[in-house]
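Engineer: What would the 3D arrangement of this be:
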Amino acid sequence: MPWLSPRRVPAVLVRYKARRVAHLLSGCVLTALAGCAIYRPQPLHPRPAAQNASALEVPAARMPMPALRSHRFDPSNGLDVTETAMLAVVNNPRLRTLRDRLDIGRAQAFEAGLLPDPQLAASRDILDNPNADVSSAYSLGLSYDLGPLLTRSARVTSARASQRQIRLQLLWAEWQTIAHARLLFDQVHALRAQQHRLQRELTALRGLDASIQKALRSGDLDYAGASAGLDATAQVRNQLADTSRQLDQAESDLRGLLGLAPDAPLRLTGPDWQPRPSAAQVAHAEKDLARRRPDLLALKAGYAAQEARVRAAILGQFPDIQVGFNRARDTSNVHTHGFSIGLTLPLFDGNRGRIAVTRATRQALADAYRARLLATRNDVHRLVAALHTLRGQIDAAAEHAHRMDRAERSATENWRSGALDWPTWLAIRASALQADLQMNRLRRQRAKASIALETLLGGDWTDATTPDAPSPKTGNRSS
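Structural biologist: Numbering: from 1, shown residues only. Next up is the predicted model:
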């Protein structure tokens, strides 16, 4: 056959081997593509806020605290303080973002465990003037970098510790969100009670204000004599306006924390959350603080991750090694095969800069952990002392408010019977009002300090039998 003549045999062999090389490369490319991810667009759509808490699913098993896991979520007759905290854990927008970070941490841990890919290199030299004495040249090479294998164990350890750090940071954020929900519940409750008290006071003064205005118009009373009555009504009206603004802000903050729409109804029911741990509970929790607080555990996990990074940096100072195998043919039709070894000589860099950075970062994390632990202990002692002081203040304020309430009732009876002038009656009423408002403020301060102490100690004082402990819902307070 003419196509198998001796002159054409080398060209046929060249084309045959070229096809083999092309098939080999095609097979490698197809194998690599088989494991590739596929791009799918994900349009950005705004998530509408919930209009009602009843439309949301709140699984108790996902709650981070025993007091929440053992509580049944039923907002049909209003949200109690525990249900408010449960809803905040599930539906808070900031916690959703932190949970996405946890997915990123898992992906980074997966990435750290992957082995490096080998590298395939191929080349082909085509003859411009082919003849029987020369042939086209080609080369094939397969190489692998052994350097990442030396640091893989340290990188995996660091990634897993970082993933645990993110998980603990999420838990700490959930604890803080629970505390914030309890504080806002108490704030809304207290401001609604204060608003009701001021409205009741304004209603009581409305009759006197009308009488004073009538006396001014008839000339039976001048403005000097009427100033006490006019000032009393104006002050109560201003206090009511300030309280209403504060209440609107607190309700808006609570809706935002719960992930509810701005116009969603906010029905709160039941008592406030005011934990009162015993001195033994506080001492035990403070002693065990480093093993209870998620943020401290997260700092420990971050330190462990950095420790692994230091180890990886030290391992990275060893020469980077690349090994490979190759096969080639030159233009004189000489076939060769062999291997190659490449070394990175650590003469100038030697990874010394990275080692210094990782060690300095490790020291900074250690100092940050010690500073956080010291600050927490100081805050615990400060809050314990504040609660002790507030306990005495509240007892004294409660007794004073009780006396002023009795004085107000007696003064009202005497004023209505004509035995007491109205300026004196107004002065007594003003004192009784301020006593009630002061009592409200002190109770809010106690609630704030108690919830902060519970969060700092990582405690859950559900076994404490106190008058303010959470109990089944007893009534509704509607907005």
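Engineer: and the gap between F110 and R99?
Structural biologist: The gap separating F110 from R99 is 17 Å, by CB to CB, to the nearest Å. For the C-beta atoms, the positions are set from N, CA and C on the backbone; glycine is no exception.
Engineer: Repeat that for R352.
Structural biologist: Per CB to CB, R352 is found 39 Å from R99.
Engineer: go on, R359?
Structural biologist: 33 Å.
Engineer: in the protein, which helix has the most residues?
Structural biologist: Ranked by residue count, the top helix of the chain under DSSP state H comes out as helix 147-218.
Engineer: and that one, how far from the chain's centre?
Structural biologist: 14 Å (CA atoms, centre = their mean, to the nearest Å).
Engineer: next one: stretch 251-259
Structural biologist: With CA atoms, centre = their mean as the basis, stretch 251-259 stands 15 Å off its chain's centre.
Engineer: which SS class is S143?
Structural biologist: When classified by DSSP: H, G, I helix; E, B strand; the rest coil, S143 comes out as strand.
Engineer: separation between the residue nearest to it when sequence neighbours are not counted and R152?
Structural biologist: Among residues not flanking S143 along the chain, G324 sits closest, at 3.1 Å (CB to CB, 6 or more residues apart in numbering). For G324, the distance to R152 equals 20 Å [CB to CB].
Engineer: With D330 instead?
Structural biologist: D330 is 38 Å from R152, by CB to CB.
Engineer: isn't there a helix covering L390?
Structural biologist: Yes: under three-state DSSP, L390 sits within a helix.
Engineer: got a list of what D405 touches?
Structural biologist: 432, 435-436 (CB atoms under 8 Å, 6 or more residues apart in numbering).
Engineer: so what's the most centrally placed residue in the chain closest to, chain neighbours aside?
Structural biologist: Nearest to the geometric centre of the chain sits A173, at 3.7 Å (CA atoms, centre = their mean). Closest residue to A173 apart from its sequence neighbours, by CB to CB, 6+ apart: L98 at 5.4 Å.
Engineer: residues touching that neighbour, list them.
Structural biologist: Neighbouring residues of L98 by CB under 8 Å, 6+ apart: 166, 169-170, 173.
Engineer: Select from those the one having the most neighbours.
Structural biologist: Within these, most neighbours by other CB atoms under 10 Å means I166, with 23 neighbours.
Engineer: what number of residues lie near the nearest residue to A60 once chain neighbours are set aside?
Structural biologist: Distance criterion CB to CB, 6+ apart; nearest residue to A60, sequence neighbours excluded, is R69 at 5.3 Å. Other residues lying near R69 total 13 when counted by other CB under 10 Å.
Engineer: measure R69 to D186 for me?
Structural biologist: Distance check for R69 against D186: by CB to CB, it reads 22 Å.
Engineer: Repeat that for G458.
Structural biologist: The value you get for G458 to D186, if CB to CB is used, is 20 Å.
Engineer: between those two, who's got more neighbours?
Structural biologist: A count of neighbours by other CB under 10 Å puts D186 above the other of G458 and D186, at 25 against 21.
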